[in-house]
Every structure is written in structure tokens, then in C-alpha cells.
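Engineer: have a look; sequence and predicted model below, questions after that.
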Amino acid sequence: MTANTTVKSQVLKAVEEMPQNVTFEEVMERLYFLYKVNQGLQQVDADNIVSHEEAKKQIKTWHK
């Protein structure tokens, strides 16, 4: 996905690449995946990230 690619063109491309017998559920799962990837890329662009070390520290607190 490039920055100049529209959401509509990304959706159309994703659907076109799927097999003919795809289900609505599979389409929705793929679109949700693309949506989440896009959100992550936007967070990186905004420098809204967590370092690997910080992530490890946060995960350790989950097990207490």
C-alpha cells in the first residue's frame, strides 16, 4: 500500500485478489486486517510507537 493509494482502490484490489468462492466473512476479515495494518502504519508515521524494551516491560506486568 502506498500513500497515494485510495482506500477504495485498496478494497477493490483486495477483493479482486480473492478466489471466486470467497465468503462474506472472509472478505470482512481481510478488510479488517487491512484496516488494522493501515492504523498501525499511521501510528508509526505519527511516531506513536513503543520500543521493544518498553513492550517487554509492559508484557511482564501482565503476568503478575
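Structural biologist: Structure's in. What do you need? Numbers count the residues shown, from 1 in each chain.
Engineer: using PDB, write out every CA atom in whichever strand or helix holds Ile59.
Structural biologist: Here Ile59 sits within helix 52-62, counting by DSSP states H and E. What follows is helix 52-62, C-alpha atoms only, in PDB (Å, rounded to 0.1, in the frame of the first residue of the first chain):
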ATOM      1  CA  HIS A  52      10.900  -3.300  22.000                       C
ATOM      2  CA  GLU A  53      12.300  -2.900  25.500                       C
ATOM      3  CA  GLU A  54       9.300  -0.900  26.700                       C
ATOM      4  CA  ALA A  55       6.900  -3.600  25.200                       C
ATOM      5  CA  LYS A  56       8.800  -6.300  27.100                       C
ATOM      6  CA  LYS A  57       8.400  -4.300  30.300                       C
ATOM      7  CA  GLN A  58       4.700  -3.900  29.700                       C
ATOM      8  CA  ILE A  59       4.200  -7.600  28.900                       C
ATOM      9  CA  LYS A  60       5.900  -8.600  32.200                       C
ATOM     10  CA  THR A  61       3.300  -6.700  34.100                       C
ATOM     11  CA  TRP A  62       0.500  -8.800  32.500                       C
END
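Engineer: now the helices: where do they sit in this protein?
Structural biologist: Per DSSP state H, the chain carries helices over the ranges 7-16, 24-45, 52-62.
Engineer: rebuild those as a markdown table, extending it with mean neighbour count and mean pLDDT.
Structural biologist: Yep, even glycine has a C-beta here, placed from its N, CA and C like the rest. Output for the helices of the chain, formatted as a markdown table (neighbours: other CB atoms under 10 Å; pLDDT from 0 to 100):
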| stretch | mean neighbour count | mean pLDDT |
| --- | --- | --- |
| helix 7-16 | 12 | 95 |
| helix 24-45 | 12 | 96 |
| helix 52-62 | 9 | 94 |
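Engineer: ok, Gln39 - contacts?
Structural biologist: Residues in contact with Gln39 (CB atoms under 8 Å, 6 or more residues apart in numbering): none are found.
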